[in-house]
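Novice: turn this into a structure:
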Amino acid sequence: MHHPSQGYPHVRQPNPDEQRGDPGTVAAATEWLLNLLAEVTVVPDEVVGPLLEARLAQLPGVASVRFHRDRRTALSACERCDVLEVGETCLGSLCWRVRNAEAFSACEPWLPALCVTLATLLHARCLRAQPHATGTAAAQRGETRFRDLFDNSPDPCWLIERGQFTDCNHAASAMLGYARREDILQHPSRLSPEFQPDGRSSFEKAEEMMQIAMREGVHRFEWQHRRADGSCFPAEVTLARIDMQDQPALYCVWRDITQRKQIERQAYELAFFDPLTNLPNRRLLHERLERAIATCGREGHHGALVYLDLDHFKVLNDTQGHAIGDRLLVEMAGRLATVVRHSDTVARMGGDEFVLLLQPLDRDRTRAARQAGRIGEHVLQALAQPCLLDAMPYQNSASLGITLFDGQISDANEILKRADMAMYEAKAAGRNTLRFFDPAIQAGVAARAQLEADLRSALAHEEFLLHFQPQVDADGHCRAVEALLRWQHPRQGLLTPHQFIALAEESGLIVPIGHWVIGRTCRLLGGWRAQPLLRRLQVAVNVSPRQFYQPAFVASVRGLLHEHRVDPSRLRLEITEGMLLGNVERAVATMRELKALGVSFALDDFGTGYSSLNYVKRLPIDQIKIDQSFVRDIHTDSNDAAICRAVIAMGRSLGMSTLAEGVETPQQWQFLMREGCDAGQGFLFAPPLAPDVLGDWLQRRTH
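Specialist: All right, here's what the predicted structure looks like:
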């Protein structure tokens, strides 16, 4: 007789140190269980009981275990009894004596699952043993017993031989909604969706699960099944290796775990979500924040935490009651969810406090702060919209504290603390505002917010003006100028576009500013009709992508030309390469409408973006402007010189004129003229000039 301590050549013998590892850890428990189940699968029948008693007695806190072949539900000498059964069939029971309850408690969470698997294995042993009874009569009785156990098991059962489903019982066909088992066996692929919930192919995953069961003796996993009506449900599957007619096969038992999954989902929601707003709670936020910190540290970008507290919420709660307060919280939660991006998290910390986790943001800290600040401003605007509470309008506001993180600080609690401190700074500043934890960032955000407010004021108070930089032909004549925007700031003096255009783009003010530029240009062109030196000048105006793609852009230009009685041929619109990406068809349509009016077009900053001959030739372009970055080193950089030659040649072949920007030296201009460039613009000829100075410059140049 074999003793459980004896080794079997085809079963890995566990290391005693591994067996006595902490079963509370997933790795140790899994290793220990797999070794035990593998042994149970292959040892002779007379060894099963002693094996289980010896192995299970090794668990922490266990004094002894007795395995009984019959049902033992209550024994005076044991503290716990587990019955091993499949349906109504009892395969035995385990009676435990515990010497240390605290140590044993670490094992208790997974003992029920162990008992289910042991019962399945013992059931499979009974089934495979019956057909091998000696003698014809005994073999027939064994086969009958096998069919009886298999067919009448209340659990859905399968037989898998050589990787194919060869049989299933009535419980399986009933649970799947098929009248006959033959309907299942003929089309086994119908029993699962194409993909499992983890995204893997059902076919590939099934192959892998069977290989593991064949290799390890037993394997348990979860599976998504499909019924005859097409509906799917989750099941817990146990695969056990058995011998069928001296050939290895798999005995499969599965259970519908829909109810268990629902309970787990409910438990998960209770543990991680706020029951009032259905937002993630403090616990889930903490987990996501820790992951975000690690991701930022690994990938090099920033994230931000926004701590939000509703202003005067306690007053509302105390005067109107908690029911009204709860309605406001639900309303605010919904608004917050619409403001953030899909990658962000909105969580409720409790009471009237919410937290926004913004991730990912830009790699650059300053740009990341701007992104977080913009989202914060959108939050303030969204929450400030009036809402009806019990048929009464209520005006809400909030105080926001923001802190950035980039993985340098790994403590989630520290980041939460910083955002909370910044929120109290916002409260102290008068509420309905936001503050950054970093004073330097706060100063930058405040300055940017002030600049945006000044921009809006500039539109209302006519603080913008235009300067014009001459464009000189190869013959020395000036036939066109470029309109360049300037801002006469009341405190900072004259500002050039690079100091405010990016903010205008981000804030959306670029559209009304762009409209003002074209309008003022048309107004000046109308006034220049009476001035001989100016009346034939063409004016080039830069157009932003946001302005160009406005639905009413063409109508707006048409109206301004008509209002100031300007010949459309005197207006040239400059567009950049980047604004054409992904919108070539729409751009061509808009340009053709304006070309039909007589307006011409120039492609600005050519060579710095994404232009290709394929779509440049499709655009109704009249002029290509060579970017100043290629002109600057034209005498010292052979690549720049080659690019300039190529652009000039391309323009000539496409019937487009070429203009070089940033011409500052006679040598540059001579090179460009020699290569056939049509015009130049830069400080060699003149800086940007005010309108009243432009006439004097033209007068001097004429003489």
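Novice: tell me the pLDDT at Leu239?
Specialist: Predicted confidence (pLDDT) for Leu239: 88.
Novice: just checking, Ile510 touches Phe548?
Specialist: No. Ile510 is not in contact with Phe548 according to CB atoms under 8 Å; the separation is 10.5 Å. Every C-beta, even on glycine, is put in place using the N, C-alpha and C of the backbone.
Novice: can you list residues touching both of these two?
Specialist: Here Ile510 and Phe548 share no contacting residue, scored by CB atoms under 8 Å, 6 or more residues apart in numbering.
Novice: which stretches of the stretch 351-500 of the chain form strands?
Specialist: Assigned by DSSP state E, counting those that start in this stretch, the stretch 351-500 of the chain shows strands spanning 353-361, 387-389, 392-394, 398-405, 434-436, 464-473, 478-489, 493-495.
Novice: ranking these by mean pLDDT, which is last?
Specialist: Note on these: strand 392-394 shows the lowest mean pLDDT, a mean of 78.
Novice: that one pairs with which strands, and in what direction?
Specialist: Partners of strand 392-394 in the sheet, by DSSP bridges, are strand 387-389 (antiparallel).
Novice: may I see the buried residues of the partner strand?
Specialist: Leu389 (16 or more other CB atoms under 10 Å).
Novice: tell me how far it is from the chain's mean position?
Specialist: From the chain centre to the centre of strand 387-389 is a distance of 33 Å (CA atoms, centre = their mean, to the nearest Å).
Novice: residues in contact with that strand?
Specialist: Applying CB under 8 Å, 6+ apart, the set of residues contacting strand 387-389 is 320, 324, 327-328, 331, 393-394, 396.
Novice: so which of the residues you listed is the most crowded?
Specialist: Neighbour count (other CB atoms under 10 Å) singles out Asn396 as the most crowded of the contacts of strand 387-389, with 21 neighbours.
Novice: lowest-pLDDT helix or strand in the protein?
Specialist: The helix or strand of the chain with the poorest confidence is helix 16-19; it has a mean of 36 (mean pLDDT, DSSP states H and E).
Novice: now the helices for the stretch 251-400 of the chain?
Specialist: Ranges of helices within the stretch 251-400 of the chain are 258-272, 282-299, 313-320, 322-339, 365-384, based on DSSP state H, counting those that start in this stretch.
Novice: deepest in the core, which of the ones you listed is it.
Specialist: For the helices of the stretch 251-400 of the chain, average neighbour numbers computed from mean count of other CB atoms under 10 Å are highest in helix 365-384, which has a mean of 19.
Novice: angles on the backbone of Asp274, please.
Specialist: Reported as degrees, to the nearest 10, the phi and psi values for Asp274 are phi -80, psi 120.
Novice: separation between it and Gly325?
Specialist: Distance of Asp274 to Gly325, given as CB to CB, to the nearest Å: 14 Å.
Novice: would you mark the buried spots in the host helix or strand of Ala646?
Specialist: Under the criterion of DSSP states H and E, Ala646 resides in helix 638-653. Using 16+ other CB under 10 Å as the burial criterion, the residues of helix 638-653 that qualify are 640-641, 643-645, 647-648, 650-651.
Novice: which element follows that helix toward the C-terminus?
Specialist: Counting by DSSP H and E, the element after helix 638-653 in chain order, helix or strand, is strand 657-661.
Novice: what does that following strand contact?
Specialist: Residues contacting strand 657-661 (CB under 8 Å, 6+ apart): 471, 602, 605, 622-628, 631, 644, 647-648, 651-652, 668, 672, 676-682.
Novice: now the buried members of the residues you listed.
Specialist: Buried members of those, scored by 16+ other CB under 10 Å, are 471, 602, 605, 622-628, 631, 644, 647-648, 651, 668, 672, 677-682.
Novice: looking at the residues you listed, which are in strands?
Specialist: 471, 602, 605, 623-626, 679-681 (DSSP state E).
Novice: tell me which of the residues you listed has the lowest pLDDT.
Specialist: Comparing these by pLDDT, Asp605 comes last, at 75.
Novice: so what's that residue up against?
Specialist: Counting by CB under 8 Å, 6+ apart, Asp605 has contacts 576-577, 625, 627, 661.
Novice: Val340 now?
Specialist: Residues in contact with Val340, defined by CB under 8 Å, 6+ apart, are 346, 356, 358, 375.
Novice: list only buried entries from the residues you listed.
Specialist: Among these, those classed as buried by 16+ other CB under 10 Å are 346, 356, 358, 375.
Novice: distance check, the second one against Glu482.
Specialist: Read that as Leu356. Taken as CB to CB, the span from Leu356 to Glu482 is 44 Å.
Novice: the first one now?
Specialist: Noted for Val346: a distance of 47 Å to Glu482, by CB to CB.
Novice: then Asn583?
Specialist: Distance, Asn583 to Glu482, by CB to CB: 24 Å.
Novice: more neighbours: which of those two?
Specialist: More neighbours surround Glu482 than the other of Asn583 and Glu482, with 24 against 14 (other CB under 10 Å).
Novice: partners of the more buried one in the sheet?
Specialist: Glu482 has the following beta-bridge partners by DSSP bridges: Gln469, Ala540.
Novice: what sits up against the helix ranked longest in the chain?
Specialist: As assigned by DSSP state H, the longest helix anywhere in the chain is helix 439-460. Helix 439-460 is contacted by residues 365-366, 369-370, 373, 404, 434-436, 463-464, 487, 489-490, 500, 503-504, 507, 509, 512-513, 516 when judged by CB under 8 Å, 6+ apart.
Novice: which of those residues are buried, as a ChimeraX select command?
Specialist: If you want just the buried ones from those in ChimeraX, going by 16+ other CB under 10 Å, the selection is:
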select :365,369,370,373,404,434,435,436,463,464,487,489,500,503,504,507,509,513,516
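Novice: the residue positioned nearest the centre of the chain and Leu357, how far apart?
Specialist: Among the residues of the chain, the one closest to the centroid is Ser343, at 4.1 Å (CA atoms, centre = their mean). Remark: distance between Ser343 and Leu357 (CB to CB) = 9 Å.
Novice: show me the helices in the stretch 1-150 of the chain, by range?
Specialist: Secondary structure of the stretch 1-150 of the chain (DSSP H, counting those that start in this stretch): helices at 16-19, 26-42, 45-56, 101-104, 111-129, 136-152.
Novice: between those, which gets the lowest average pLDDT?
Specialist: Mean pLDDT per stretch puts helix 16-19 lowest among the helices of the stretch 1-150 of the chain, at a mean of 36.
Novice: and Thr238, that's in a helix?
Specialist: No. Under DSSP: H, G, I helix; E, B strand; the rest coil, Thr238 falls outside any helix and is assigned strand.
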